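>>> have a look; sequence and predicted model below, questions after that.
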Amino acid sequence: MELGTTWLGLPLKHPLIASASPLTGSVEAIRRVADAGASAVVLESLFEEQIDLEAMALDDLYHVGADSFAEVSSYFPETSRVYHRPEEYLDLVADARKAVDIPVIASLNGRTRGGWLDYAGKLEKAGAHALELNLYQLPHDARISGAEIERNYVEVVRTVKQAVGIPVAVKLSPFFTAPAHFLRQVAVEGGADGLVLFNRFYQPDFDPETLEIVPHLELSRSAEVRLPMTWIALLYGRVPADFGLTGGVANAQDAIKALLAGARVVAMASELLRHGPERIGQIVKDIQQWLVEREYRSLFEMIGSLSQKKAADPSALMRANYMKVLHSWHG
């Protein structure tokens, strides 16, 4: 059974890739993910804020006097392993290229037009096969319209595409007034080679005991697959870009749904954090068995076969299905 696919023009041995997570933040971890069978790896993200802090030399200020008196060491922000300094991140890209024989995709996470975008070119020079641009913003300013936010995003993508010669995928949230129109803009006007649906909106939590705002993360679940699956199925063949699905993929059934919708790759993180990168191998085997049982000759025969463009009943993906869903509940 031929499980090969392509993503951003890169040939992959199968559609399961490791998305950005702590499992892709060091050379040792990346090597483990590759050995477990991932067809590509998206490195842990480099954030706009990290680059801006470096530019302002605040990182050095964090350490001034930190070792002078042991009792004051707790006053200084803890620098976590998760947060690479920009130059260290470039080294990670270069070292990962040498360590594994699968595509290494760098990840930039930001939201504005600024000097941090220069790092797109630096990541290419460091050896990244491709770049995933993670556009993440909470539109909290009531004075800024949705149209303005969308124009800014498209301009950020266009700027990155002009700065590099490697392919660029854009990872976006579902929170847009007209996602279909906007995603087409990102591909056509911005020039994105691929669209990854969707990044997650991480909500903080309130601690009623300490009266503090605290970070809160729950790993994704299979039920979350349906939202990106639906949008990919609606847009497959209508937007000129490769589609990747991320969020909630926990087993072969989830991955198969993504492929039937039209995804070329399925990005995984939460399931690998739960059970280890070795989970990839079992899911690949299960996908292969499913294809063999249904007499598919290759993966490309199934990709997009349940998209709106190819479905026997296109209305099933649109409002006509709304009433059916509501009436499908049996207590």
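It's in. Numbering: from 1, shown residues only.
>>> neighbouring strands of the helix or strand where residue 243 lies in the sheet, and parallel or not?
Following DSSP states H and E, the helix or strand that holds residue 243 is strand 242-246. Sheet pairing for strand 242-246, assigned by DSSP bridges, gives strand 194-197 (parallel), strand 265-268 (parallel).
>>> hmm, which helix or strand of this structure has the shakiest average pLDDT?
Here the helix or strand of the chain ranked lowest by mean pLDDT, DSSP states H and E is helix 58-63, holding a mean of 47.
>>> returning to that earlier point: quick check: buried residues in the strand holding residue 243?
242, 243, 244, 245, 246 (16 or more other CB atoms under 10 Å). Using the backbone N, CA and C atoms, a C-beta is placed for each residue, glycine as well.
>>> now distance to residue 145 and pLDDT too, for these, in a markdown table please.
Below are the buried residues of strand 242-246 laid out as a markdown table (distance: CB to CB, whole Å; pLDDT from 0 to 100):
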| residue | distance to residue 145 | pLDDT |
| --- | --- | --- |
| 242 | 30 | 98 |
| 243 | 27 | 98 |
| 244 | 29 | 98 |
| 245 | 29 | 98 |
| 246 | 28 | 97 |
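>>> low-confidence stretches in the stretch 1-150 of the chain?
55-83 (pLDDT under 70).
>>> show me where it has strands.
In the stretch 1-150 of the chain, the strands defined using DSSP state E, counting those that start in this stretch lie at 5-7, 10-12, 16-18, 41-42, 46-47, 104-110, 130-135.
>>> just put the ones you listed in CSV and tack on mean neighbour count.
Formatted as CSV, the strands of the stretch 1-150 of the chain follow (neighbours: other CB atoms under 10 Å):
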stretch, mean neighbour count
strand 5-7, 21
strand 10-12, 18
strand 16-18, 27
strand 41-42, 27
strand 46-47, 24
strand 104-110, 25
strand 130-135, 25
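>>> dump the ones you listed to a markdown table, plus distance to residue 212.
Below are these laid out as a markdown table (distance: least, CB to CB, whole Å):
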| stretch | distance to residue 212 |
| --- | --- |
| strand 5-7 | 41 |
| strand 10-12 | 44 |
| strand 16-18 | 33 |
| strand 41-42 | 32 |
| strand 46-47 | 22 |
| strand 104-110 | 24 |
| strand 130-135 | 27 |
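>>> thinking again about what came up before, and which of the buried residues of strand 242-246 is nearest to residue 14?
Of all these, residue 244 has the smallest distance to residue 14: 13.5 Å, by CB to CB.
>>> identify the residue nearest residue 212 in space, chain neighbours excluded?
residue 206 (7.7 Å; CB to CB, 6 or more residues apart in numbering).
>>> typo on my end, it should be residue 26
Residue 26 sits nearest to residue 92 (CB to CB, 6+ apart), 7.4 Å away.
>>> residue 223 versus that neighbour, what's the distance?
Residue 92 sits 33 Å away from residue 223, taking CB to CB, to the nearest Å as the criterion.
>>> quick one, which of these two is more surrounded?
residue 92 (22 against 10; other CB atoms under 10 Å).
>>> wait, doesn't that one sit right on residue 28?
No: contact criterion CB atoms under 8 Å: residue 92 and residue 28 do not qualify, at 11.1 Å.
>>> what ranges does the stretch 51-200 of the chain have for its helices?
Assigned by DSSP state H, counting those that start in this stretch, the helices in the stretch 51-200 of the chain fall at 58-63, 86-99, 119-126, 146-163, 179-188.
>>> got JSON lines for those, with distance to residue 49 too?
Rendered in JSON lines, the data for the helices of the stretch 51-200 of the chain read as follows (distance: least, CB to CB, whole Å):
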{"stretch": "helix 58-63", "distance to residue 49": "10"}
{"stretch": "helix 86-99", "distance to residue 49": "11"}
{"stretch": "helix 119-126", "distance to residue 49": "13"}
{"stretch": "helix 146-163", "distance to residue 49": "15"}
{"stretch": "helix 179-188", "distance to residue 49": "23"}
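>>> point out the most buried one among the ones you listed.
helix 119-126 (a mean of 19; mean count of other CB atoms under 10 Å).
>>> just want the angle from that one to helix 146-163.
30 degrees (axes from the mean of the first three to the mean of the last three CA atoms, to 10 degrees).
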